[in-house]
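1. Pasting the sequence and the predicted model now:
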Amino acid sequence: MVKFIGKGSSGVVQLVQHKWTGQFFALKVIQLNVDEAIRKSIAQELKINQSSQCPYLVTSYQSFYDNGAISLIFEFMDGGSLEDFLKSVKTIPESYLSAIFKQVRSTVDAALMNNVSV
């Protein structure tokens, strides 16, 4: 592990580096001793990441089960989240809002085409 990135309702995310290539990835570790609603959310996230071909979603490379936890390996996005961006600005230019909306809309459309409820 290189460093801790964050924590959510279902697990923690760490920045990790591949031993041989030096490439960085985000490793999300989810303990399975969580309630049913969170397990359903995890299953939904896995379904979306495995079926999506949307360029606006982070790429999911691998998932595996070990010691009572599911580990998911994702593309590392060093620009931060949309939430981080929104916290850092007071106003958002219309051109940015338009671009964000188009990306969100495209992502929702892709999910619906893959029969993933959103």
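-> Noted; the coordinates are in hand. Numbering: from 1, shown residues only.
2. Would you map the strands across this protein?
-> Using DSSP state E, the strands of the chain run over residues 3-7, 12-17, 24-31, 60-66, 69-75.
3. Count residues in the vicinity of Ile38, would you?
-> 17 (other Cβ atoms under 10 Å). Backbone N, C-alpha and C define where each C-beta goes, glycine included.
4. ok, now the one 3 residues further on?
-> Counted with other Cβ under 10 Å, residues neighbouring Ser41 total 16.
5. Please tell me how far it sits from Val16.
-> 23 Å (Cβ to Cβ, to the nearest Å).
6. what does Ser63 give?
-> Applying Cβ to Cβ to Ser63 and Val16 gives a distance of 14 Å.
7. Turn the strands of the chain into CSV, columns for mean pLDDT and distance to Ala110.
-> CSV is the format used below for these (pLDDT from 0 to 100; distance: least, Cβ to Cβ, whole Å):
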stretch, mean pLDDT, distance to Ala110
strand 3-7, 86, 25
strand 12-17, 93, 23
strand 24-31, 90, 21
strand 60-66, 84, 14
strand 69-75, 88, 16
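8. What ranges in this structure fall below the confidence cut-off?
-> For the chain, applying pLDDT under 70 flags the ranges 1, 9, 34, 50-53, 114-118.
9. In this protein, where's the longest helix?
-> helix 94-113 (DSSP state H).
10. Who are the packing partners of that helix?
-> Contacting helix 94-113 under the criterion 3 or more Cβ pairs under 8 Å, 6 or more residues apart in numbering; DSSP states H and E is no other helix or strand.
11. which residues touch the residue positioned nearest the centre of the chain?
-> With distances taken as Cα atoms, centre = their mean, Val58 lies nearest the centre of the chain, 5.8 Å away. Counting by Cβ atoms under 8 Å, 6 or more residues apart in numbering, Val58 makes contact with Ala26, Asn49, Phe74, Glu75, Met77.
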